[in-house]
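Asker: for reference, the sequence and a predicted model appear below.
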Amino acid sequence: MTRLPAVADRFYPGDPEHLHSAMKMLVPSVPKTEKQQALGVVMPHAGYIYSGATAGNTISRVRVPETALVLGPNHHGRGAALALGTDDWQMPMGTVPIDRQLATAILQHSPGITEDSEAHVPEHSLEVQVPFLQQVQPRLHLVPLMVAQVSFEICQSVARGLAAAIREFGKPVLTVASTDMTHYESRPQAAKKDRLAIERILALDPQGLYATVRGSGISMCGVIPTTLALLIALELGATRAELVQYTDSGEASGDIRQVVGYAGLIIS
């Protein structure tokens, strides 16, 4: 089975030549010697005109291994709460195979995670990340995990299982947390709220991030993927996080009355 693109020609160019051109514009060329060894990244998932530069600047700064565990929020509510896709992904820049060795290890170590392709069929939050990963890692293999709104305690349990699977896998894995930040508030209000969430990520404080987003009413759609990415990275020895870029949709649209915030961060 193969997963077909759901949002090509909507969120990003569906024509391979146009998409390659977009990637060259959005992903800066950084010498390998200047790239960081990272455990995780946080990247936005809007249309490329809005958030593509932030995503490109972020992924260009890290050494992307051949395997990426990509975590994204389930916007459609289809499928399992923790849905692991096991179909290869047909994308405009080429088919991306699933890393079945890591996927098998995840299912063994994380009983709460279900093998389920239904959640992935219409979802954009993971799909828009794939061309950025392909651009910097031609031998890319994916492990895509869609997540619904679950408790922090479930996040802790799932992250322990994911980290155990990565350790057993024994090869480098980059965890990619896909999220946009505050949705449809004024630029000053969005920036104020998003600063609170970003501070918790920079502090490597997954519980604080979870509580802050809930307590402050921050409409960060990928708070669960980001919480999981922090927990996994901490299990694997993370010591720091840095903000690469923060912006909002108003930079492209000119409308700062109702913006969506976008942040790119690196966890290492």
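Answerer: All right, it came through fine.
Asker: pretty sure Thr226 contacts Val41?
Answerer: No: judged on Cβ atoms under 8 Å, Thr226 makes no contact with Val41 at a distance of 10.3 Å. For the C-beta atoms, the positions are set from N, CA and C on the backbone; glycine is no exception.
Asker: between the two, which contacts overlap?
Answerer: Contact criterion Cβ atoms under 8 Å, 6 or more residues apart in numbering; residues shared by Thr226 and Val41: Ala177.
Asker: hey, where'd the helices end up in the chain?
Answerer: 16-26, 48-59, 100-109, 130-136, 152-169, 187-202, 206-215, 223-235, 250-253 (DSSP state H).
Asker: okay, these, which one's buried deepest?
Answerer: Mean neighbour count (mean count of other Cβ atoms under 10 Å) peaks for helix 223-235 among the helices of the chain, with a mean of 26.
Asker: for it, the averaged confidence score.
Answerer: Taken as a whole, helix 223-235 carries a mean pLDDT of 98.
Asker: ok, stretch 48-65 next?
Answerer: Rounded mean pLDDT across stretch 48-65 is 98.
Asker: redo the helices of the chain as TSV? Include distance to Leu82.
Answerer: TSV is the format used below for these (distance: least, Cβ to Cβ, whole Å):
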stretch	distance to Leu82
helix 16-26	30
helix 48-59	24
helix 100-109	10
helix 130-136	20
helix 152-169	6
helix 187-202	21
helix 206-215	16
helix 223-235	9
helix 250-253	33
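Asker: closest to Arg10 out of those helices?
Answerer: helix 48-59 (10.3 Å; Cβ to Cβ).
Asker: for Pro65, which non-adjacent residue is spatially closest?
Answerer: Leaving aside its sequence neighbours, Pro65 sits nearest to Pro172 (Cβ to Cβ, 6 or more residues apart in numbering; 3.7 Å).
Asker: next: Glu168.
Answerer: Closest to Glu168 by Cβ to Cβ, 6+ apart is Ala105, at 5.1 Å.
Asker: hmm, that neighbour is touching Phe169, no?
Answerer: Yes: here Ala105 reaches Phe169: they are 5.6 Å apart, a contact under Cβ under 8 Å.
Asker: OK, contacts around Gln129?
Answerer: By Cβ under 8 Å, 6+ apart, the neighbours of Gln129 are Met43, His45, Ala55, Val70, Gly72, Val176, Ser178.
Asker: look up how far Ala148 lies from the nearest residue in space to the last one that is not next to it in sequence.
Answerer: Taking Cβ to Cβ, 6+ apart as the measure, Ser178 lies nearest to Gly72, with 3.9 Å between them; neighbours along the chain are not counted. As judged by Cβ to Cβ, to the nearest Å, Gly72 and Ala148 stand 11 Å apart.
Asker: with Arg78 instead?
Answerer: 10 Å.
Asker: thinking again about what came up before, neighbour-wise, which of Gly72 and Ala148 wins?
Answerer: More crowded of Gly72 and Ala148, by other Cβ atoms under 10 Å: Gly72, with 28 against 16.
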